[in-house]
Each structure stands twice: as C-alpha cells, then as structure tokens.
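**Q** everything below, folded, please.
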Amino acid sequence: MKESIDFTVLIVLYFVCFYKKWKAKGKETFFLNTLMYIYLSFVLYFTLMPIITRILFLYLHHYPYKTMNFVPFIDILMGRGDFLRQVVLNVIMMIPFGFLLPLTNKNDAKLLKVIFFTFLVSLSIELLQPFNGRSSDITDIITNVIGGIIGYFFYFMFKPLIFKFLSYLK
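**A** Alright, predicted model coming up:
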C-alpha cells in the first residue's frame, strides 16, 4: 500500500515531465526512454520503495542514519549471509541499465559514460537505502558497476540487431 504513493508519483512525473517531450522526438526515442523509465521504476521498487512515506516518517521521528560499509566484499570474506546471491542480483540488476543507456543517447554511447552513470545511480541508491531501514554497502556499488559494464558489452555485441529492430519503429 505504501508503494502506491511512490508509484503514483512516478506515473504523474512521467506524464507531466516526460511523456510529451519524448513523444515529440519520435517513436524510437519515445520507446527507448519509456523503456528506461519503466526499468528504473522497477529498480526503485526493489531497492528503495516505499521511500516517500518512509522519509516523512524518519523526518518526523528523527531516525538515525546507518552508515555505509566501506570494506569491499567483507560479507564474502567473512562468510556472512547470502553474499553470493546478493552479488549476483546486484550484477543482474544493472545489466539492463548498461544496455539501455547507450540506446537512449546514441550520439555518446561510450563505455566510460555507462560506467560513470551506473556508478551514480548505484551510489544514489546506496545513499538512500538507510532511510528505508536497509544496509548500504560499497560491494553493491562495485557489483552494480560490473553489471552496467556487462550490459554495455551486450549492447555492443547486439548493436546491429538492435538498430535493425529500432528501424521498424521509424
């Protein structure tokens, strides 16, 4: 139920800020940007939601912020928890981002750009997760960036097929 507020904000944001702008740029841009928006909405769902109601609650109750773990792969080194599952899920989560980002900006589809923006998205998530009672870890950022790089290589490998498919949208 609390997630419905976040989803409502995402839907309103889409239609107020992006829909007309992307639609005016053509079917291809509209399709790719909408696909990226939907993907990022699901990332937010799995990593941060409910965030709006949670931040309001924390603000009113002065909830302490948990600090980030800055020791890379400490869970693996210490054999704690389900570290392998977490690493795999973090890599998989960002593969679509590394794949879609170059498609949304074909004029500047470089690996360094994908690495930089994957890092920024991951860092943003990790900085916000403690507000939602979750832990924040440098390992997640590292594995997210690895996922973004893998996604970029999928983009690079399948680029001719992708552009052939996208030509049907024109």
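
**Q** ok, which stretches of the chain are helices?
**A** Remark: helices assigned in the chain by DSSP state H are 2-13, 19-24, 27-47, 52-61, 74-78, 83-104, 111-128, 138-167.

**Q** elements contacting the last one?
**A** With contacts taken as 3 or more C-beta pairs under 8 Å, 6 or more residues apart in numbering; DSSP states H and E, helix 138-167 sits against helix 27-47, helix 74-78, helix 83-104, helix 111-128. C-beta here means a position set from N, CA and C on the backbone, and glycine is covered the same way.

**Q** what's the answer for the first one, then?
**A** Contacting helix 2-13 under the criterion 3+ C-beta pairs under 8 Å, 6+ apart are the following elements: helix 27-47, helix 52-61.

**Q** now the angle between helix 27-47 and it, please.
**A** 160 degrees (axes from the mean of the first three to the mean of the last three C-alpha atoms, to 10 degrees).

**Q** which of the residues in helix 2-13 are buried?
**A** Under the neighbour-count criterion of 16 or more other C-beta atoms under 10 Å, helix 2-13 has D6, L10 buried.

**Q** so how far is that helix from its chain's centroid?
**A** Relative to its chain's centre, helix 2-13 lies at 17 Å (C-alpha atoms, centre = their mean, to the nearest Å).

**Q** who's in contact with that helix?
**A** Where contact means C-beta atoms under 8 Å, 6 or more residues apart in numbering, the residues beyond helix 2-13 that reach it are S41, L44, Y45, M49, P50, I51, I52, T53, R54.

**Q** and the fifth one, what pLDDT?
**A** By that I understand P50. P50 carries a pLDDT value of 80.

**Q** confidence score at the closest residue to it other than its chain neighbours?
**A** Spatial nearest neighbour of P50, chain neighbours left out: K2 (3.6 Å); criterion: C-beta to C-beta, 6 or more residues apart in numbering. Per-residue confidence (pLDDT) for K2: 73.

**Q** G133 versus K2, what's the distance?
**A** 12 Å (C-beta to C-beta, to the nearest Å).

**Q** L101 too?
**A** 29 Å.

**Q** neighbour-wise, which of those two wins?
**A** L101 (23 against 10; other C-beta atoms under 10 Å).

**Q** what does stretch 19-35 contact?
**A** Against stretch 19-35 from outside (C-beta under 8 Å, 6+ apart): Y14, F18, L100, L103, T104, L166, L169, K170.

**Q** got a PyMOL select line for the buried ones in those residues?
**A** Per 16+ other C-beta under 10 Å, the buried members of these correspond to this PyMOL selection:
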select buried, resi 14+100+103+166
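
**Q** need the contacts of stretch 19-35 in a markdown table (columns: pLDDT).
**A** Formatted as a markdown table, the contacts of stretch 19-35 follow (pLDDT from 0 to 100):
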| residue | pLDDT |
| --- | --- |
| Y14 | 97 |
| F18 | 97 |
| L100 | 96 |
| L103 | 94 |
| T104 | 93 |
| L166 | 85 |
| L169 | 76 |
| K170 | 69 |
